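Chemist: structure, please.
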Amino acid sequence: MKTRYTVVLSMIAGMALGSAAIQALHAQAKPKAYTVSELETLDAAALAAFVPRVQAAQQAAGGRNLKTGGGKVVALEGTAPKRVAITEWDSLERAQAFYTSKAWNDLAPERDKAIKTIRRYAVEAVN
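Modeler: Reported below is the predicted structural model:
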């Protein structure tokens, strides 16, 4: 009988330790980040060729394109840009790393033909 109590107490202690470890790992997780690009189309044909390439590069770097580029933009206050592209990243560091990467810089000639960047910034989500 004593052995059964020992086994049960050991299992409960193991579950408690595991639960504490999981909580500690969740606390270490970095918040997600979003990059917002306000753009103006310069050449529709060049843009059609550029978009799949930039989306593939973002995906390879861990970004998830929220497919807002080309969607309708409505001003609620102030002036709305003509085009907005939003990408989700696992962390602010991943977003910054992409926009300083060789993959992004290699796309510069195509990007410059297709779009004019009005403004681009990254926003870190708060928990």
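Chemist: spatially central residue for the protein, please.
Modeler: The residue lying closest to the centre of the chain (Cα atoms, centre = their mean) is Trp89, at 1.7 Å.
Chemist: give me the neighbour count for the closest residue to that residue other than its chain neighbours.
Modeler: Nearest residue to Trp89 in three dimensions, chain neighbours excluded: Ala95, at 4.1 Å (Cβ to Cβ, 6 or more residues apart in numbering). For every residue, glycine as well, the C-beta is placed using N, CA and C. The tally of other residues near Ala95 (other Cβ atoms under 10 Å) stands at 25.
Chemist: what strand or helix carries Ala95?
Modeler: In the assignment (DSSP states H and E), Ala95 maps to helix 92-99.
Chemist: low pLDDT regions in this structure?
Modeler: 1, 5-11, 13, 15-28 (pLDDT under 70).
Chemist: now the helix holding Ala95: buried residues?
Modeler: Residues of helix 92-99 classed as buried: Leu92, Arg94, Ala95, Phe98 (neighbour count, 16 or more other Cβ atoms under 10 Å).
Chemist: for the residue nearest to Trp89, what are its contacts?
Modeler: Ala33, Tyr34, Thr35, Gly63, Thr87, Trp89, Ala122 (Cβ atoms under 8 Å, 6 or more residues apart in numbering).
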